[in-house]
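Chemist: Can you look at this prediction? I've put the sequence above it.
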Amino acid sequence: MQIDDIKKKNIINHESDYIANHYGFDFVDVEEKIFKDNNLVEDEKLKILKSFKSELGAKRISPLKMFFYKKPVVKKTSGMGMDIINVESALAEATVIKTAISILENEGYSDFTVILNAIGDRESQKAFKSALSAFYKENRSELKAIEQKKITKDPLSIYYTFNKKYLQEINARAPSPMQFLSKRSIEHFQDTIEFLESFGIDYLIDENMTGSKLFFSKIIFKIMAKAPGKKEVEEVAFGGRYDEIGGDVLKKKKVSAIGLSMNFQKKKNKKVKLLKKKINIHLLKIGSTSKLKYLEIIDAMAKVGVPVSYDIDKEKISEQIKRAAAKESEYVLIIGEQEAKKDKVLIRRMSDFSQTEIPIKDVGKYVKKLIK
């Protein structure tokens, strides 16, 4: 099924579906055979990317796509994945992580921690691989024959082998991927961390974390959380950025792609009750500080069931206003530098341009009163 061929009937019928859709992710129907005999997130993402190749690779420049899909239910555990194509900035990481946590919070999960690692772009990884190969050559005598054969062609497989004690000892002295990050990779990692800090989400950096098959690049992460009624935290989501693989599959020189796959206990089985009276609201974000706050507004609106549209890929205010006008928005929510610093948002009624400034934490309740 093509990405734009979205089934409107009986799709957004559970609260987790609604939250994903609320954050801007459209549902896509994925064939169950993609998940058959497949436990790796990397395999899952690659198969889905290939199935959408004709849609995403049709034009010279692939359009922005934000989509979510459902995974088969296994042992009372529900699953879903979320991906964003063609958002190069850390806004993409922030959006998929924030959306996932919002869904999990709604299902009763708590004690969230994001564990992440910066593994660098293709340029960074190439430099790391070269340094690693040189290191193993210098210490060849400490490696067994099976690893010695991999020194030149596949030194990364030696570095990312964690179940052999003698390799743990030599790898503790080996170069680290973070030592070879390009300036761009460092800035991207810092931006991702800044988003997590602005959301108040705990995070840990694990320099040894990697995926299988070297699928991901730049950023890789997993979300840990405590399920309802459980005492221990567990991994509930795993994902990362896969720009290079995306470019290879879609035959594009430049593609930005990020996604995650999650499994969780679905506590709430009731269907979503959409508001009978609808209101057309668009969110405008102005300036760098607002980028750290606008997802809080999206989250607040999700909690009260009021939909709001926004443009993740637009930074110029003129482009955002043009989009709001095209949508014939009745109200716009405006968060600029000053508002963001005060944790406030402007609500402007487009019919007469009257506006009110309120705290971000109260925006959901305030807007809900407008439609009663």
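Modeler: Sure thing, it's come through. Residues are numbered from 1 along each chain as shown.

Chemist: Summarise which helices and strands the helix or strand that Lys71 is a member of is packed against.
Modeler: Assigned by DSSP states H and E, Lys71 falls within strand 65-74. Counting contacts by 3 or more Cβ pairs under 8 Å, 6 or more residues apart in numbering; DSSP states H and E, strand 65-74 packs against helix 15-22, strand 26-27, strand 77-85, strand 257-265. Backbone N, C-alpha and C define where each C-beta goes, glycine included.

Chemist: For Ser182, find the nearest of the ones you listed.
Modeler: strand 257-265 (17.7 Å; Cβ to Cβ).

Chemist: Given the helix or strand in which Ile358 is found, what are its sheet partners and their directions?
Modeler: Assessed by DSSP H and E, Ile358 sits inside strand 355-359. Strand 355-359 has its sheet partners listed here by DSSP bridges as strand 344-349 (antiparallel).

Chemist: Which positions within the strand it pairs with qualify as buried?
Modeler: Within strand 344-349, the residues that count as buried by 16 or more other Cβ atoms under 10 Å are 344-348.

Chemist: Out of those residues, the closest to Asp17 would be?
Modeler: Checking those against Asp17 with Cβ to Cβ, the nearest one is Val345 at 26.2 Å.

Chemist: Show me what the closest one bridges to in the sheet.
Modeler: Val345 has these beta-bridge partners by DSSP bridges: Ile358.

Chemist: dump the residue contacts of it.
Modeler: 297, 333-335, 339, 357-360, 363 (Cβ atoms under 8 Å, 6 or more residues apart in numbering).

Chemist: Can you show me the CA trace of the strand holding Lys71 as CSV?
Modeler: Provided in CSV are the C-alpha atoms of strand 65-74 (Å, rounded to 0.1, in the frame of the first residue of the first chain):
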residue,chain,number,x,y,z
LYS,A,65,6.5,12.0,5.2
MET,A,66,5.5,11.3,8.8
PHE,A,67,3.8,7.9,9.2
PHE,A,68,3.0,5.2,11.8
TYR,A,69,2.1,1.6,11.4
LYS,A,70,0.8,-1.1,13.6
LYS,A,71,2.6,-4.4,14.4
PRO,A,72,0.8,-7.7,15.0
VAL,A,73,-0.3,-8.2,18.6
VAL,A,74,1.9,-10.8,20.4
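
Chemist: Hey, what's the angle from it to strand 77-85? Just curious.
Modeler: Following axes from the mean of the first three to the mean of the last three Cα atoms, to 10 degrees, one obtains 160 degrees for the angle between strand 65-74 and strand 77-85.

Chemist: partner strands of strand 65-74, parallel or antiparallel?
Modeler: Within its sheet, strand 65-74 is paired with strand 26-27 (parallel), strand 77-85 (antiparallel), according to DSSP bridges.

Chemist: coming back round to it: which positions in the strand holding Ile358 come out as buried?
Modeler: Using 16+ other Cβ under 10 Å as the test for burial, strand 355-359 gives Ile358.

Chemist: Now the residue nearest the centre of the chain: which helix or strand?
Modeler: By Cα atoms, centre = their mean, the mean C-alpha position of the chain lies nearest to Val96, the distance being 2.6 Å. Val96 is part of helix 91-106, with elements assigned from DSSP H and E.

Chemist: On the three-state scheme, the nearest residue to Lys98 once chain neighbours are set aside is what?
Modeler: Distance criterion Cβ to Cβ, 6 or more residues apart in numbering; nearest residue to Lys98, sequence neighbours excluded, is Leu295 at 4.8 Å. Remark: Leu295 carries the secondary structure label helix [criterion: DSSP: H, G, I helix; E, B strand; the rest coil].

Chemist: dump the residue contacts of Leu295.
Modeler: Residues in contact with Leu295 (Cβ under 8 Å, 6+ apart) are 23, 94-95, 98, 199.

Chemist: Specify the residue ranges that define each domain of this structure.
Modeler: 15-121+182-265, 122-179, 281-370 (automatic domain parsing).

Chemist: can you put those domains in CSV and add mean pLDDT?
Modeler: Shown next, in CSV, are those (pLDDT from 0 to 100):
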stretch, mean pLDDT
domain 15-121+182-265, 86
domain 122-179, 89
domain 281-370, 85
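
Chemist: So Gln320 lies in a helix, does it not?
Modeler: Yes. Assessed by three-state DSSP, Gln320 belongs to a helix.

Chemist: which of the contacts of Val345 lies closest to Met80?
Modeler: Ile297 (23.2 Å).

Chemist: The closest one contacts Asp362, doesn't it?
Modeler: No. Counting by Cβ atoms under 8 Å, Ile297 stays clear of Asp362, with 10.9 Å between them.

Chemist: Which one's more surrounded, the two?
Modeler: Ranked by neighbour count (other Cβ atoms under 10 Å), Ile297 and Asp362 place Ile297 first, with 22 against 12.

Chemist: Let me see the contact set for that one.
Modeler: Contacts of Ile297 (Cβ under 8 Å, 6+ apart): 283, 308, 333, 335, 345, 360, 363.

Chemist: from the contacts of Leu295, which single one is nearest Lys150?
Modeler: Taking Cβ to Cβ as the measure, Lys150 sits nearest to Ala94 out of the contacts of Leu295, at 36.8 Å.

Chemist: one step back: among the contacts of Ile297, which two are most distant?
Modeler: Spatial extent of the contacts of Ile297 (Cβ to Cβ) is set by the pair Val308 and Ile360 at 12.8 Å.
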